[in-house]
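Visitor: what shape does this take:
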Amino acid sequence: MHHVYCISGLGADERIFCKLQVPDAEFHFIRWEQPGPGESISSYAKKLCNQIQHDQPILMGVSFGGMMAIEMAKVSLVEKVVLISSIKSLNELPRWMKICGRFRFDKILPSKPLHTIRPLKALRPVQNYFLGTESAEEKAIANQFRDTVDPHYLRWSINQVLNWQNNWQPQTIFHLHGANDHIFPLKHVKPTHIIPNAGHFMIMNKCKEISEILKEIL
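Guide: Alright, predicted model coming up:
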């Protein structure tokens, strides 16, 4: 039995993994914690490693969770790392994100919960398009994530994504990516597995394809 520690995307939780079916894997879920003032991503990764209860586990991260999985692998001995809809290094970060990071886009983000800001609610169809949600269930879950994300955690996390300086990779790493990912476009990344007609939210709407790949690589 493989012990797989799952790290969800920015502001998300373990619900995004609920449709995966991998009989030989036992999933454990890393929960996001509140970052300290000015905390570095490496310090935060060490903090999350305290949730690991097994020796040399597999880390599997989605989107920002994949980036965090790499940071955790730097400070904790793991068997392998699996990235889903994520990036491995700063070279795979889209140019517009690098520009936003240079100008500290996170500084202009609201300090109050997103669900209290009406204009942002009106933009949800656009947000869900880029996220790649398809069904009403997926859209509802994505909206719930936005409604409940902590503003401080959100600003901190976005800053970490936009200014990630990583060039290191673990020895064994698998990278699953959607051909139609609008957040991290395929032209910028070099995955080990490409899922056709899949967007950033493929962890849910391409769960069968992803489950089959996981059966092979875990």
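
Visitor: low-confidence ranges in this structure?
Guide: 105-122 (pLDDT under 70).

Visitor: okay, helices next: where are they in it?
Guide: With helices called from DSSP state H, the chain shows them at 41-49, 64-75, 95-102, 118-122, 124-131, 136-148, 151-162, 202-205, 207-217.

Visitor: contacting residues for the most centrally placed residue in the chain?
Guide: Closest to where the C-alpha atoms of the chain average out (CA atoms, centre = their mean) is S63, at 2.4 Å. By CB atoms under 8 Å, 6 or more residues apart in numbering, the residues touching S63 are 9-10, 12, 84-86, 183-184, 200. For every residue, glycine as well, the C-beta is placed using N, CA and C.

Visitor: redo these as CSV? Include distance to F130 and neighbour count.
Guide: Shown next, in CSV, are these (distance: CB to CB, whole Å; neighbours: other CB atoms under 10 Å):
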residue, distance to F130, neighbour count
G9, 13, 27
L10, 13, 19
A12, 15, 24
I84, 17, 32
S85, 12, 32
S86, 16, 29
I183, 6, 20
F184, 11, 22
H200, 7, 23
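
Visitor: what's the nearest residue to A69 if we skip its chain neighbours?
Guide: Nearest non-adjacent residue to A69, counting by CB to CB, 6 or more residues apart in numbering: G61, 3.5 Å away.

Visitor: got a list of what the one you found touches?
Guide: Contacts of G61 by CB under 8 Å, 6+ apart are 6-8, 67-70, 81-84, 86.

Visitor: repeat the analysis, applying 10 Å as the threshold.
Guide: 5-9, 30, 67-73, 81-86 (CB atoms under 10 Å, 6 or more residues apart in numbering).

Visitor: what do you get for N128?
Guide: Applying CB under 10 Å, 6+ apart, the residues near N128 are 134, 138-139, 142-143, 146, 201.

Visitor: which one of the residues you listed sits closest to M1?
Guide: Proximity of the contacts of N128 to M1 (CB to CB) peaks at F201, which lies at 28.1 Å.

Visitor: neighbours around the residue lying closest to the closest one once chain neighbours are set aside, how many?
Guide: Nearest residue to F201 in three dimensions, chain neighbours excluded: G132, at 4.2 Å (CB to CB, 6+ apart). Neighbours of G132 under the rule other CB atoms under 10 Å: 23.

Visitor: likewise W168?
Guide: Other residues near W168 number 10, with proximity taken as other CB under 10 Å.

Visitor: just P170 next, same as before
Guide: There are 16 residues near P170, going by other CB under 10 Å.

Visitor: residues near the residue nearest to it when sequence neighbours are not counted, how many?
Guide: In this structure, P170 finds its nearest non-sequential neighbour in A73, 4.4 Å apart by CB to CB, 6+ apart. Neighbourhood size, A73 [other CB under 10 Å]: 23.

Visitor: return the residues in contact with E216.
Guide: 174, 193.

Visitor: against C49, how distant is it?
Guide: Between E216 and C49 the distance is 27 Å, computed by CB to CB, to the nearest Å.
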